[in-house]
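Engineer: Sequence and predicted structure below; questions after.
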Amino acid sequence: MSRQYIDCREYPSTMNCSVALCADSEGELLDAAVQHAVAVHGHTDTPELRKQLATMFKAGTPPVQVEPAKTPA
């Protein structure tokens, strides 16, 4: 299995989070992403959150620079 990543810079948030996580397995990445979402962004660990996060995974590693997401007005 190839590395996968999720990058907060690609999603709007009021805190403009710049954390990117990557791992060799989907399970490991999902656990790390859930921990980050709960501890930093205040989400609750639910099956729905886990399902949503898993859909945001991308193959490879995060790029060095990403166009920051626009915060909703």
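Structural biologist: Everything's here; your move.

Engineer: And the average pLDDT for whatever helix or strand residue 48 lives in is what?
Structural biologist: If you go by DSSP states H and E, residue 48 is part of helix 47-55. Taken as a whole, helix 47-55 carries a mean pLDDT of 96.

Engineer: buried stuff in that helix?
Structural biologist: 49, 53, 54 (16 or more other C-beta atoms under 10 Å). Every residue, glycine included, has its C-beta placed from N, CA and C.

Engineer: And that helix, how far out from the chain middle?
Structural biologist: Mean-position distance between helix 47-55 and its chain equals 10 Å (C-alpha atoms, centre = their mean, to the nearest Å).

Engineer: Who are the contact partners of residue 61?
Structural biologist: The contact partners of residue 61, taken as C-beta atoms under 8 Å, 6 or more residues apart in numbering, are 3, 5, 22.

Engineer: Apart from its neighbours in sequence, what residue is nearest it?
Structural biologist: Leaving aside its chain neighbours, residue 61 sits nearest to residue 22 (5.1 Å; criterion: C-beta to C-beta, 6 or more residues apart in numbering).

Engineer: distance of that neighbour from residue 13?
Structural biologist: The gap separating residue 22 from residue 13 is 19 Å, by C-beta to C-beta, to the nearest Å.

Engineer: Could you check which of those two is surrounded by more residues?
Structural biologist: Between residue 22 and residue 13, counted using other C-beta atoms under 10 Å, residue 22 has the larger neighbour count: 17 against 14.

Engineer: quick check: mean pLDDT across whatever helix or strand the more buried one lives in?
Structural biologist: Secondary-structure assignment from DSSP H and E places residue 22 in strand 20-23. For strand 20-23, the mean per-residue pLDDT is 96.

Engineer: If anything else comes up later, I'll come back, but that's it for now.
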